[in-house]
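**Student:** Fold the following and give me the result.
(one chain, ligands or ions: 2)
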Amino acid sequence: MPDQITLRLKNNSADLARAAGLLRHGGLVAFPTETVYGLGGDARSGTAVADIYAAKGRPSFNPLIAHFASAEAARDCVIWSDTAQTLADAFWPGPLTLVLPLRDGHGISPLVTAGLDTLAVRVPAHPAARALLRAFGGPLAAPSANPSGRISPTTAAHVLAGLDGRIAAVIDDGPCGVGLESTIVGLSGTPTLLRPGGLSADRIEEVLGHPLNARTDAGDITAPGQLTSHYAPGAPVRLNAREPRPDEVLLGFGPMPCELNLSASGDLTEAAANLFGHLHQLDATGRPIAVAPIPYHGLGIAINDRLHRAAAPR
Ligand code: TXA
Ligand code: MG
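**Tutor:** Ligands and ions are numbered 1, 2, ... in the order given. Okay, here's the model as predicted:
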């Protein structure tokens, strides 16, 4: 049930000051990042973070990413390392999240980490996200701004479709450029790819000079966004479809007849940016969704990861 009026704000200094004020009073503000829209709340406030879980209907064992205005601000909350510095220098601000051990006096609500002794930290690149973090002056816990288990939002309209009346405001600054959530790398031991995402693992490995460990703990809560049936549309999803069955709508890739195409030219960056928006649109038809094969390299790995979760039994 809606219980508040959700303000529609823009990326200008008056609206950002208003959004920062709402956040200071424990309100939740959805904001654009380069990956997807996030649902932000004060990461130091237990009640704000509890409200994030409640608004999303999110299982409480699923920890959140803390967003910072700068790498320096992130460093105050975690035990930093040379590898963290190398990756931050190369990719921050940008679609990379680092998981590091919490540091004494971090001030982050234990609800953010769901009781883990590590914290996921990220410095987003989107100008509106950066301006909001600066205006607010502290860390924002921000999961993707969608009801738990549903498709991630890449426009303010997607956010409102799922959360209107449940949050204080949304900052509308157009569609997200990357379109896939951040890549998550665990750095509390050997660097490990916890979630493929908007920064391809190849580029991270190039900078590190060695391969990332692959996760071996499937089903564990280390990165619970990786549970089955995440990012799910309402309608069934069938993958690697060469052509649609009579009742299905086809989500294409590369030149082909289809309802919507992730990238007619077969460009994976364009496909990533279109993925969630196209799934939202096809979901609205109420028909089962067939998806053309997507190559397994570069951003195609994260795209396939999200598609497999969308297609998982639920
Ligand atoms: O691009 C993104 O990362 C977006 C935007 C809004 O920044 N955020 C996002 O948040 O995707 P969310 O909450 O939907 O996904 C967070 C992921 C989950 O898979 C969670 O399990 C993992 O981060 N995570 C958070 N803290 C962790 C920790 N301490 N250790 C391991 N995984 C963690
Ligand atoms: Mg999410």
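
**Student:** Where do the strands of the stretch 151-300 of the chain begin and end?
**Tutor:** Using DSSP state E, counting those that start in this stretch, the strands of the stretch 151-300 of the chain run over residues 169-172, 183-186, 192-195, 213-214, 237-238, 249-252, 260-261, 289-291.

**Student:** per-domain residue ranges of this structure.
**Tutor:** According to automatic domain parsing, the chain comprises the domains 7-214, 237-311.

**Student:** Reformat those as a markdown table; add mean neighbour count and mean pLDDT.
**Tutor:** In this view, the C-beta of every residue, glycine as well, is placed from N, C-alpha and C. A markdown table is the format used below for these (neighbours: other Cβ atoms under 10 Å; pLDDT from 0 to 100):
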| stretch | mean neighbour count | mean pLDDT |
| --- | --- | --- |
| domain 7-214 | 20 | 96 |
| domain 237-311 | 18 | 95 |
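
**Student:** Now tabulate those domains in JSON lines and tack on distance to ligand 1.
**Tutor:** Output for the domains of the chain, formatted as JSON lines (distance: least, Cβ to the nearest ligand atom, whole Å):
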{"stretch": "domain 7-214", "distance to ligand 1": "3"}
{"stretch": "domain 237-311", "distance to ligand 1": "11"}
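
**Student:** Indicate which one of the strands of the stretch 151-300 of the chain is closest to residue 275.
**Tutor:** strand 249-252 (8.8 Å; Cβ to Cβ).

**Student:** Which neighbouring elements make contact with that closest one?
**Tutor:** In terms of contacts (3 or more Cβ pairs under 8 Å, 6 or more residues apart in numbering; DSSP states H and E), strand 249-252 is packed against strand 260-261, helix 268-283, strand 289-291.

**Student:** Downstream of the last one, the next helix or strand is which one?
**Tutor:** Read it as strand 289-291. helix 300-311 (DSSP states H and E).

**Student:** That following helix relative to helix 268-283, how many degrees between them?
**Tutor:** For helix 300-311 against helix 268-283, the angle by axes from the mean of the first three to the mean of the last three Cα atoms, to 10 degrees is 10 degrees.

**Student:** name the helices or strands packed onto helix 300-311?
**Tutor:** strand 237-238, helix 268-283.

**Student:** which residues sit against it?
**Tutor:** Residues outside helix 300-311 that contact it (Cβ atoms under 8 Å, 6 or more residues apart in numbering): 151, 180, 183, 195-198, 200-201, 228-233, 236-239, 262, 268, 271-272, 275-276, 279, 291, 294, 296.

**Student:** Just the element for residue 107, please.
**Tutor:** Residue 107 belongs to no helix or strand, assigned by DSSP H and E.

**Student:** The spatially closest residue to it that is not a sequence neighbour: what's it in contact with?
**Tutor:** Nearest non-adjacent residue to residue 107, counting by Cβ to Cβ, 6 or more residues apart in numbering: residue 44, 5.1 Å away. Residues near residue 44 by Cβ under 8 Å, 6+ apart: 107, 108, 109, 138, 139.
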